[in-house]
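A.B. asks: here is my input, please return the structure:
(2 chains)
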Amino acid sequence: MISDNLPALQVVLPLIAAPLCLIIHRPKLVWLFALFICLISLGISIELLSAVINTGPISYEMGDWAPPWGIEYRVDKISGFVLLIVSMIGAVVMLYAGKSIEHEIAPHKQTLFYSAYLLCLTGLLGIVITGDAFNIFVFLEISSLSTYTLVSLGKDRRALTAAFQYLIMGTLGATFILIGIGLMYMMTGTLNILDLAQRIPEVLETRTIRAAFAFLTVGICLKLALFPLHLWLPNSYAYAPSSASAFLSATATKVAIYVLLRFVFTIFGVTFAFEIMPMGTVLMLMAIPAILIGSTVAIFQQNIKRMLAYSSVAQIGYMILGISFASVTGLTSGILHLFNHALMKGGLFLALGGIAYHMGAARIEHFKGLGQIMPWTMAAIVVGGLSLIGVPLTVGFISKWYLVLAALEQGYWPIAVVVLVGSLLAVIYMWKLVEAAYFNNVEPSEVVVKEAPLQLLIPTWLLIGASIYFGINTDLTIGVAQQAAEMLMGAGQ
Amino acid sequence: MSDGMEMMSNLHPFLPFLIAAILAAFTRGWLRSVIMLAAPVFGGYQVMQAVPGTLVYLQVLDLELTIYRVDELSLLFGYLFHLGAFICILFALHLKDTLQHVAGLLYAGSAIGAVFAGDLFTLFVFWELLGLTSAFLIWASRDERSFHAGLRYLLFQVLSGVLLLGGALWIWFSTGDITFNEIGLDSGASWLIFMAFGIKCGFPLLHNWITDSYPTSTPTGTVFLCAFTTKAAIYAMARGFPGTEILIYIGVFMACYPIFFAVIENDLRKVLAYSMINQLGFMVVGIGIGSALALNGAVGHAFNDVLFKGLLFMSMGAVLYVTGRTKASDLGGLYRSMPITTTLCIIGALTISAFPLFSSFVSKSMVMSALLEEGYWGVWMAMLFASAGVLEHAGIKIPYFAFFAHDAGIKAKEPPVNMLLAMGIAAILCVAIGVYPTMLYSILPYDAPYSPYDMTHVLTQMQLLAFAILGVVFLHRSGRYPDEIPSVNLDAEWFYRRMFPAIFRGVKVVINVSLELLGDAMRITLGYILDKLARHHGPNGILARTWPTGSMALWVMVLLGLYMILYYVK
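C.D. replies: The predicted structure is shown next:
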């Protein structure tokens, strides 16, 4: 009984738990409860992914209404994979949030944080699991609205403006997506994704569908912060509470990329998007400046959270670059990097949270001599940084490797060079931290600083450790990513 | 043979060092000492059991990497590096510096991993590890000078790694085969790899990282440094480019020019660094000749070089450790307080000068004989000059200025017992190999029977050495032995002793000035570019500042418009 309803539970559980948080009210208890829910969500998504790998896609009829009339929840390899990323990061960051939130947010607002966090998780999981285009929009709004709340809870006053800007831009994006979906509905009369995929080819030549395609492209690119639509991202990540930054950077943009893959590959199909429409060129032309400019701006940042945010802009560029090749290898690299980047950037933001825990913020000057004071936190940052750069034995290497392979496969030598240059830029901005932390003597300061508490260190190292583990044992990640890529490429033909 | 059946005997030789390094990071005192010494002993035992022809593969992504390949050539270097690692670790045992211990173990392990790498990508991984781990040995001095020297050092190492990777990728894409065997200089890719190896071999003009960084490392760190990087490069060169004629001329140049620099150098560890390039020259020449005898000579000399150059670096390290100085002008008269170190240093000096009955003689003469056999008379003469030069700057200058000369009145005592033991082992091996050359010959990879102790060799060498020493004595007696530049270049005519340093100083000045000008020009251009970059990318630059919400929204509209147009036009 329960196992049949897993797809529904995946979404419903955190959705119901969110208001319950407000009833429980006592922060410590709320945290335990939320953690419990996150862990169950993680369990469910592991169960779903393994079921999908073993027996193929799962289709679940909400309320027993058969698709395409009812809402269908559908888990296939790619959505199962992204579900796992989201729920895994959700659980690890929640483990971290207990201690960190206690320190960062006023007691009466803490419950609100957990509630918003669970709602955000609901939204993100829902976007991925649903097989209904309008449902995607609904969940997108749930996750976005709760995200604005999460960002605004940051203790820096600038968090409020950042949240407001994010709200405006996010709403614009969501509206565009809604318009796109609406136009498609107008032409086909259906909202179910598989049904859309079957009906769209008949009306592909109409201007309405092309307009829908344009609205969707811009809307989704805004959501996934592709250059030059990334402007909302740096401030939101920089001023949000540490846990929120880690959670959002590791999941929100990833889910947006998933939405892009769904719409472009499953609904519109490879042939339409990449051969009839110049989607590949458009994405590539955005991705390359994203990589180069994002990394260069990161070098000059003094606020390290902001630096990592810009680095995220660059990393999103890598994913989109992989997708823009519209080849199995390229898609594999993009999907792989979804997972890999979630691990390393999540881990890095958590580590920064550990520094901010004692220092109050994480600016470059706070790093002086940290190599001695906070050896474990700094070690995490170094390992995460190596992964960002793409050093062998880390996950970053695996995805860059596939990306370079994909570029060479198409004969795009200059693009392989861009990827390498991007890595060099990453060396520079990470080196700044290493130099500050390891080559400066400790300055005697009034605040007695020591290593971050274990409750922060353990989740940090869980993610950083995973970023090494999956850099060495790549069976799961590459296997799933490759199959997902083959599925997406096949879907359009 | 593949993996699986004999896991133990096919254990990758990097693993003992990796495990020991991890354990060493978390242990202290005697336990750490035991763990550290166990790594080369255990690893060495494993390598002794290894059977030539063993291959272990590892499937990484779509690539089948040969991570472990055993043949005679890699075995020789395998023995050597385990032996070297043992001596180096023993020498550094008294330290309480975790950084140096861990970095040293990983560094030695990467060198071993590199010589057992069967394909170019595995080689690249260990090649980079070599550079990275050793940089920490330089930084371990923890002062301003070593920090910058370490960075410059790392730059060279990374450059070498990038060239190797580029070459490897190129070869992979053009042939699909990445096995690391003889490469030969016949394509662009092979030139890249040649330069990659060349940098680590200390090719002329690419050698600065050696002389720049070795003197700045810690007393113990330099000993590690001198043992591995360049020898791994010699191994790679011997496997990839045997018989490449250009190497002969590069090698001759390497053997000769450092002598002039060594002559005018005051820092004794820097003298040794120059002397190292000079010895590398002998090996590179051997590889360039490419006959079985010459290759045996080259790799055999590499083997001996680790021991005697290690011994000399150790003795200077001991002096630095005890007195805190390595400048020739600051030292002197230490033989009274450090008799054992003095004796061991003299053994090292005798060995590097290639006296008969010392190890260098039995390997160097192979290269010299091979030169004659192949008819390179001119080169032979030049190498003879280089040999005499060795005697002067390493054989006499090092022990003389450190332990004798004018008494600097330094209060000193013998270094810790582990240092003495390490030096002792190296010294005993220097003599043992010299007396029983079969010990070395039996493990040389190529088939070329050779006997060093015949009339011609011994006589030539003794004459050379005798006249060189005579020259020193004569100059000393006749008062021509200069005080400020306490050095004589014996084989080139005595009056060159002023001309050459002067010329070289002149050349150095010219080079320095032009480098400075070039540097200024670069700095200005770079500054300009950085300025521009900062203007756009810096915190308040157009690309990084916080935008008003309205402008962001405007961008969205502009893009929507663009997309619309693009999609309609199609």
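A.B. asks: got the domain ranges for the chain?
C.D. replies: No chain in the question, so chain A it is. Chain A breaks down by automatic domain parsing into domains covering A:1-277, A:278-488.
A.B. asks: hm, I was asking about chain B
C.D. replies: B:1-241, B:268-494, B:505-543.
A.B. asks: before we move on, what SS does B:Leu58 have?
C.D. replies: Three-state call for B:Leu58 (DSSP: H, G, I helix; E, B strand; the rest coil): strand.
A.B. asks: how about A:Tyr73?
C.D. replies: A:Tyr73, by the three-state scheme (three-state DSSP), is strand.
A.B. asks: okay, it: pLDDT?
C.D. replies: Reading off the confidence values, A:Tyr73 has pLDDT 91.
A.B. asks: the residue in the stretch 201-350 of chain B that chain A sits nearest to: what's it in contact with?
C.D. replies: Of all residues in the stretch 201-350 of chain B, B:Thr216 sits closest to chain A, at 14.8 Å by C-beta to the nearest C-beta. Using the backbone N, CA and C atoms, a C-beta is placed for each residue, glycine as well. By C-beta atoms under 8 Å, 6 or more residues apart in numbering or on different chains, B:Thr216 lies in contact with B:Ile138, B:Ser141, B:Arg145, B:Ser146, B:Ala149, B:Gly150.
A.B. asks: who wins for neighbours among the residues you listed?
C.D. replies: Of all the contacts of B:Thr216, the highest neighbour tally under other C-beta atoms under 10 Å in any protein chain shown goes to B:Ile138, namely 27 neighbours.
A.B. asks: so which strand or helix has it?
C.D. replies: Using DSSP states H and E, B:Ile138 maps to helix B:120-139.
A.B. asks: neighbours of whichever residue of the stretch 351-500 of chain B sits closest to chain A, just the number please.
C.D. replies: Chain A sits closest to B:Pro416 of the stretch 351-500 of chain B, with a gap of 26.9 Å, by C-beta to the nearest C-beta. Neighbours of B:Pro416 under the rule other C-beta under 10 Å: 16.
A.B. asks: isn't it right up against B:Leu95?
C.D. replies: No: the pair formed by B:Pro416 and B:Leu95 falls short of the contact definition of C-beta atoms under 8 Å, at 9.7 Å.
A.B. asks: just for the chain, where's the confidence low?
C.D. replies: Since you didn't name a chain, this refers to chain A. Residues of chain A meeting the criterion pLDDT under 70: A:1, A:442-448, A:491-493.
A.B. asks: actually chain B
C.D. replies: B:1-10, B:61, B:475-476, B:479-504, B:539-540, B:570.
A.B. asks: which stretches of it form strands?
C.D. replies: B:55-60, B:63-69 (DSSP state E).
A.B. asks: if we can go back for a sec, could you export the domains of chain A as JSON lines, including distance to B:Glu245 and mean neighbour count?
C.D. replies: What follows is those, written out as JSON lines (distance: least, C-beta to C-beta, whole Å; neighbours: other C-beta atoms under 10 Å in any protein chain shown):
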{"stretch": "domain A:1-277", "distance to B:Glu245": "53", "mean neighbour count": "21"}
{"stretch": "domain A:278-488", "distance to B:Glu245": "33", "mean neighbour count": "21"}
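A.B. asks: any chance of these in a markdown table, plus distance to B:Phe404?
C.D. replies: Formatted as a markdown table, these follow (distance: least, C-beta to C-beta, whole Å):
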| stretch | distance to B:Phe404 |
| --- | --- |
| domain A:1-277 | 64 |
| domain A:278-488 | 40 |
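A.B. asks: among those, which is nearest B:Gln100?
C.D. replies: domain A:278-488 (14.7 Å; C-beta to C-beta).
A.B. asks: stretch B:521-540 vs chain A: in contact?
C.D. replies: Yes: judged by C-beta under 8 Å from any C-beta of the partner chain, stretch B:521-540 comes into contact with chain A at B:Leu533, B:Ala534, B:His537, B:Gly538, B:Pro539.
A.B. asks: and the gap between the residue lying closest to the second one once chain neighbours are set aside and B:Gly538?
C.D. replies: Beyond its immediate neighbours in the sequence, the residue positioned closest to B:Ala534 (C-beta to C-beta, 6 or more residues apart in numbering or on different chains) is A:Phe300, lying 6.1 Å away. Computed with C-beta to C-beta, to the nearest Å, the distance linking A:Phe300 and B:Gly538 is 4 Å.
A.B. asks: do B:Leu344 as well
C.D. replies: For B:Leu344, the distance to B:Gly538 - C-beta to C-beta - is 57 Å.
A.B. asks: neighbour count for these two, which is higher?
C.D. replies: Taking other C-beta under 10 Å, B:Leu344 and B:Gly538 do not tie; B:Leu344 has more neighbours (26 against 20).
A.B. asks: assess the claim that that one and B:Met423 are in contact.
C.D. replies: Yes: under the criterion of C-beta under 8 Å, B:Leu344 is in contact with B:Met423, at a separation of 4.4 Å.
A.B. asks: which neighbours do these two share?
C.D. replies: Common contacts of B:Leu344 and B:Met423 (C-beta under 8 Å, 6+ apart): B:Leu311, B:Met314, B:Ser315.
A.B. asks: residues near the closest residue to the last one other than its chain neighbours, how many?
C.D. replies: Leaving aside its sequence neighbours, B:Ser315 sits nearest to B:Cys345 (C-beta to C-beta, 6+ apart; 3.7 Å). Counted by other C-beta under 10 Å, the residues lying close to B:Cys345 total 26.
A.B. asks: B:Cys345 is in contact with B:Gly317, isn't it?
C.D. replies: No: in this structure B:Cys345 lies outside contact range of B:Gly317 using C-beta under 8 Å: 10.8 Å.
A.B. asks: show me what from the stretch 151-300 of chain A comes close to chain B.
C.D. replies: A:161, A:164-165, A:168-169, A:172-173, A:176, A:207, A:210-211, A:213-215, A:217-218, A:221-222, A:228-229, A:231-232, A:234-235, A:276-278, A:282, A:293, A:296-297, A:299-300.
A.B. asks: helices - which of those land there?
C.D. replies: Per DSSP state H, helices hold the following members of these: A:161, A:164-165, A:168-169, A:172-173, A:176, A:207, A:210-211, A:213-215, A:217-218, A:221-222, A:234-235, A:282, A:293, A:296-297, A:299-300.
A.B. asks: could you give the number of residues near the residue nearest to B:Leu164 when sequence neighbours are not counted?
C.D. replies: Spatially, and ignoring its direct neighbours in sequence, B:Leu164 is nearest to B:Ala196 (3.8 Å; C-beta to C-beta, 6+ apart). When neighbours are defined as other C-beta under 10 Å, B:Ala196 has 26 of them.
A.B. asks: re earlier: what sits against the residue nearest to B:Ala534?
C.D. replies: A:Phe300 sits next to B:Leu533, B:Ala534, B:His537, B:Gly538, B:Pro539, B:Gly541, B:Ala544 when contact means C-beta under 8 Å, 6+ apart.
A.B. asks: how about 7 Å then?
C.D. replies: B:Ala534, B:His537, B:Gly538, B:Pro539, B:Ala544 (C-beta atoms under 7 Å, 6 or more residues apart in numbering or on different chains).
A.B. asks: cool, A:Arg210 as well?
C.D. replies: Listed by C-beta under 7 Å, 6+ apart, the contact partners of A:Arg210 are B:Tyr567, B:Tyr568.
A.B. asks: residues from chain B in reach of chain A?
C.D. replies: Taking C-beta under 7 Å from any C-beta of the partner chain as the criterion, chain B approaches chain A at residues B:61, B:125, B:147, B:533-534, B:537-539, B:543-544, B:546-547, B:549, B:552-553, B:555-556, B:559-560, B:563-564, B:566-568, B:570.
A.B. asks: now with 6 Å?
C.D. replies: B:125, B:537-538, B:543-544, B:546-547, B:549, B:552, B:555-556, B:559-560, B:563-564, B:566-567, B:570 (C-beta under 6 Å from any C-beta of the partner chain).
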